[in-house]
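**Student:** coordinates only, sequence not included:
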């Protein structure tokens, strides 16, 4: 496995795992999940996925559901019946429904009883913090800033990996 | 009984209506109820018992667009509904929670505002038994403006001037004496707060209200079609229609009859219909139609799109089709425009959230849009002989335009992104098929964008007929003597920037500086003068002969720039936020206005004059401290460039013809 994807080892069956990592790592992670999960994978994203569009057009087919509201996300989680769910965090879902971040977190944890659920997020935000209360594991991958470069030209080097194991 | 105002109260609803020549006020008791359902009611036994005990919740089956649902009916308001939502951790699906009470009351009794009993709702000709008055404060709507002169028109014109106390007292006395049902007042939503404050300070009754009470509508910044908009807070008087003629989109587009038709169609009081956007109006119309059919209106948007394959999603998620034009000047061109294309596709193809997976049944959206579409097609015809229908036609057009966009809106109660995608897919097919027909007939397709095509050649009427036969959608035809498609920065044709002379002599423009909202009035005026001059020419020789005159107009405006009124050089832009990254003019304008003690909010329009473009220094339009002549000179050149492109094309054509002739000899 690519050294940058070591954190995927932390994703265990039957857990709700939250991965906060730079966008290119989230993309690499999704590629890995697609290869492994294939038809058994359900990818959930918002109106505009920052990751999905970057996937190679020849990648194996997998199922996608889009949620444009937090209520739709709750409905999708309730209906999901596959063994691997990858949820791309969309903070805009909580813009006018901040109260729903915790219920979504609870629904993720509930769904993780019968499937592995991985939430991918490029950066932390208040909604994510509320959902984190329900996560079994939180993996946070940060980038090392290279002096003299602008923020968007960060080195892809992984500075540290943190695993907060909350599994019972 | 002609209802012209309605409001919800704690115990029910109140109405004001015109009845046999007088105004009557009715108050009726009305208790709202809502429905909810749970996927696993056993998980919530305790809560269900508590609701039953407190509100008398009853088990029932209710209709939704997806079919009947088993659930509960609760006679309580929104607060109780939201408490149920929280207690069930958002597992409860709620219905009929946020439909306006007065709208619901009217719908349940088969009534609608602004009509006599028995009148058809969708009719362009109807009686308006309202007495009206025009009120104008003779000052710009700014915090610093004095409330020292007001003009009132009600048959005769009266002007009240003096101290704010005197002016407000005189105005209220005039309103009381004349007792109008309808007040048309530019910037009413700004001035009413000032007038109400002054009235209170002077111990006068609440202005314009027939009960002494107001309803308040809060200010709001919101996104609409990718643009930040702002709705100012409004004080709405009881028992009287007050329209802010400057801020009301519906009034601006449709006049009084436009506002009244929006009220009839949606079941909302005219005071609200005048203040809502077309999107909110179509949403209210759909909610009213659902209730009329006994269908519950969902409170939250929980019905997500179905499972899609990754490849399928890529293929489906496209917008409208465009055939990019070559930047050029063309003569004898016809534009074929599909009438209400997207709503027609919804009706024709039976597209609705519930028919995506069950196409056999008649969908809710096509059923409710069909009469609206038929009404619009009829008024579009009618306005050709009766111009008084133009306002109604315009409001219907906007409502139908937004009904398509609304299918993709995340919070649309009866929307679904798959419906949106199918509509655009059908529109692409229609445009493609029309292009094929044109080419089969030997016509040249110059340009095409979503719902219209520009073609050149003979047999256009036959082409129009064949397109209508092939698609089942009616079209409108416009003939141009000449049309200019402008280039983009990269030299290719711009799809939304063109102008041309219609066969009737009128010049039609789209996307150029004369049409843009943010263009300073001075520049707009210059380009309009240029186009008016060019509009005199029907053919190439006449057009070429006008070049010197056009250059003269440009010179006049270039030379007059130094003496122009700074207000005419104001750039008007809607601000989407209060702080901007980088050194942008919008950000500089916000700071300049705030420095002068004026509050701004996202969605507001700011007007500013550029003092130094290089250093991004701007002043509010009302306090301009000089202009950057270089910056405005460049704008003059840009406006001229768009027009001069036509002459350039003519010269190139002439040169090509001369060269061809030289080659032949």
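**Tutor:** Structure received. As the structure is a computational prediction, the values presented were derived from the model and not from experiment.
**Student:** quick one: contacts for the residue nearest to the spatial centre of chain A?
**Tutor:** Ranked by distance to the mean C-alpha position of chain A (C-alpha atoms, centre = their mean), the top residue is residue A:120 at 1.6 Å. Applying C-beta atoms under 8 Å, 6 or more residues apart in numbering or on different chains to residue A:120 gives the contacts A:19, A:21, A:26, A:29-30, A:51, A:86-89. (C-beta placed from N, C-alpha, C; glycine too.)
**Student:** Out of the residues you listed, the closest to chain B would be?
**Tutor:** Distance to chain B across the contacts of residue A:120 (C-beta to the nearest C-beta) is lowest for residue A:30, with 10.6 Å.
**Student:** which residues does residue A:118 contact?
**Tutor:** In this structure, residue A:118 makes contact with A:11, A:17-19, A:29, A:33, A:84-87, judged by C-beta under 8 Å, 6+ apart.
**Student:** Can you point out the buried residues in the longest helix seen in chain A?
**Tutor:** As assigned by DSSP state H, the longest helix anywhere in chain A is helix A:23-37. Under the neighbour-count criterion of 16 or more other C-beta atoms under 10 Å in any protein chain shown, helix A:23-37 has A:25-31, A:33-34, A:37 buried.
**Student:** Residues of chain A that sit close to chain B?
**Tutor:** By the rule C-beta under 8 Å from any C-beta of the partner chain, the part of chain A lying against chain B is A:42-43, A:47, A:52, A:55, A:57, A:59, A:61-69, A:71-76, A:78, A:99-100, A:103, A:106.
**Student:** List the buried residues in stretch A:92-99.
**Tutor:** Result for stretch A:92-99 [16+ other C-beta under 10 Å]: buried residues A:93-94, A:97.
**Student:** Check the offset of it from the chain's centre.
**Tutor:** Centroid separation for stretch A:92-99 versus its chain: 18 Å, with C-alpha atoms, centre = their mean, to the nearest Å.
**Student:** And that stretch, end to end?
**Tutor:** Between the opening and closing residues of stretch A:92-99 lies a distance of 13 Å (C-alpha to C-alpha, to the nearest Å).
**Student:** low pLDDT regions in chain A?
**Tutor:** Counting by pLDDT under 70, chain A has low-confidence residues at A:1-12, A:144-168.
**Student:** again, 80 this time
**Tutor:** Along chain A, segments meeting pLDDT under 80 span A:1-13, A:36-39, A:53, A:56-59, A:142-168.
**Student:** so what's residue B:355 up against?
**Tutor:** So residue B:355 contacts B:361-363 (C-beta under 8 Å, 6+ apart).
**Student:** Now which of these would you call buried?
**Tutor:** Neighbour-count burial (16+ other C-beta under 10 Å) applied to those gives residue B:363.
**Student:** ok, so of the contacts of residue B:355, who is nearest chain A?
**Tutor:** The closest of those, once distances to chain A are taken by C-beta to the nearest C-beta, is residue B:363, at 20.1 Å.
**Student:** Just give me the longest strand of chain B.
**Tutor:** strand B:475-487 (DSSP state E).
**Student:** Tell me which residues of it come out buried.
**Tutor:** Buried residues in strand B:475-487 (16+ other C-beta under 10 Å): B:475, B:478, B:480-487.
**Student:** The residues of chain A next to chain B in strands, which ones?
**Tutor:** Counted as lying in strands by DSSP E, out of the residues of chain A next to chain B, are A:42-43, A:63-66.
**Student:** can you pick the most crowded of the residues you listed?
**Tutor:** Within those, neighbour counts (other C-beta atoms under 10 Å in any protein chain shown) peak at residue A:43, which reaches 26 neighbours.
**Student:** mind listing what it touches?
**Tutor:** Residue A:43 makes contact with A:30, A:52, A:62-65, A:86, A:88, B:310, according to C-beta under 8 Å, 6+ apart.
**Student:** and if we set it to 6 Å?
**Tutor:** Counting by C-beta atoms under 6 Å, 6 or more residues apart in numbering or on different chains, residue A:43 touches A:64, A:86.
**Student:** Run through the bridge partners of it.
**Tutor:** Taking DSSP bridges as the rule, residue A:43 bridges to residue A:64, residue A:86.
**Student:** Please tell me how far it sits from residue B:311.
**Tutor:** Going from residue A:43 to residue B:311 by C-beta to C-beta, to the nearest Å gives 13 Å.
**Student:** Near chain A, which residues of chain B are found?
**Tutor:** For chain B, the contact set with chain A under C-beta under 6 Å from any C-beta of the partner chain comprises B:89-90, B:300-302, B:304-305, B:307-310, B:313, B:410.
**Student:** Would you mind checking these for buried ones?
**Tutor:** B:89-90, B:300-302, B:304-305, B:308, B:310, B:313, B:410.
**Student:** What is the nearest of those to residue B:435?
**Tutor:** Lowest distance from residue B:435 to those (C-beta to C-beta) belongs to residue B:313, with 26.7 Å.
**Student:** isn't residue B:106 right next to residue B:267, touching?
**Tutor:** Yes: with contact defined as C-beta atoms under 6 Å, residue B:106 and residue B:267 form a contacting pair (5.1 Å).
**Student:** Confirm residue B:335 sits in a helix?
**Tutor:** No: counting by DSSP: H, G, I helix; E, B strand; the rest coil, residue B:335 falls outside a helix, being strand.
**Student:** Skipping adjacent residues, who's closest to it in space?
**Tutor:** The shortest distance from residue B:335 to any non-neighbouring residue, by C-beta to C-beta, 6 or more residues apart in numbering or on different chains, is to residue B:478 (4.4 Å).
**Student:** per-residue confidence averaged over the helix or strand containing residue B:383?
**Tutor:** Residue B:383 belongs to helix B:364-385 when assigned by DSSP states H and E. Helix B:364-385 shows a mean pLDDT of 94.
**Student:** Mind giving me the packing neighbours of it?
**Tutor:** Helix B:364-385 sits against helix B:341-348, helix B:390-407, with contacts defined as 3 or more C-beta pairs under 6 Å, 6 or more residues apart in numbering or on different chains; DSSP states H and E.
**Student:** and the shortest one, how far from the chain's centre?
**Tutor:** Right, the one you point to is helix B:341-348. With C-alpha atoms, centre = their mean, you get 19 Å for helix B:341-348.
**Student:** and the angle for it with helix B:390-407?
**Tutor:** In terms of direction (axes from the mean of the first three to the mean of the last three C-alpha atoms, to 10 degrees), helix B:341-348 departs from helix B:390-407 by 70 degrees.
**Student:** Could I get the contacting residues of the most centrally placed residue in chain B?
**Tutor:** In chain B, the residue lying closest to the centroid (C-alpha atoms, centre = their mean) is residue B:278, at 5.0 Å. Under the criterion of C-beta under 6 Å, 6+ apart, the neighbours of residue B:278 are B:398-399, B:402.
**Student:** do residue B:511 as well
**Tutor:** So residue B:511 contacts B:496-497 (C-beta under 6 Å, 6+ apart).
**Student:** before we move on, what about residue B:290?
**Tutor:** Neighbour list for residue B:290: residue B:297 [criterion: C-beta under 6 Å, 6+ apart].
**Student:** Recalculate using a threshold of 10 Å.
**Tutor:** For residue B:290, the contact set (C-beta atoms under 10 Å, 6 or more residues apart in numbering or on different chains) comprises B:63-65, B:95-96, B:99, B:107, B:296-298, B:364, B:368, B:413-414.
**Student:** what are the ranges of the helices in chain A?
**Tutor:** A:23-37, A:70-79, A:101-111, A:126-132.
**Student:** Determine which of these approaches residue B:494 most closely.
**Tutor:** Nearest to residue B:494 among these is helix A:23-37 (33.1 Å), distances taken as C-beta to C-beta.
**Student:** and whichever residue of the stretch 151-300 of chain B sits closest to chain A, what pLDDT?
**Tutor:** Ranked by C-beta to the nearest C-beta, the top residue of the stretch 151-300 of chain B for proximity to chain A is residue B:300, at 4.4 Å. Note for residue B:300: predicted pLDDT of 94.
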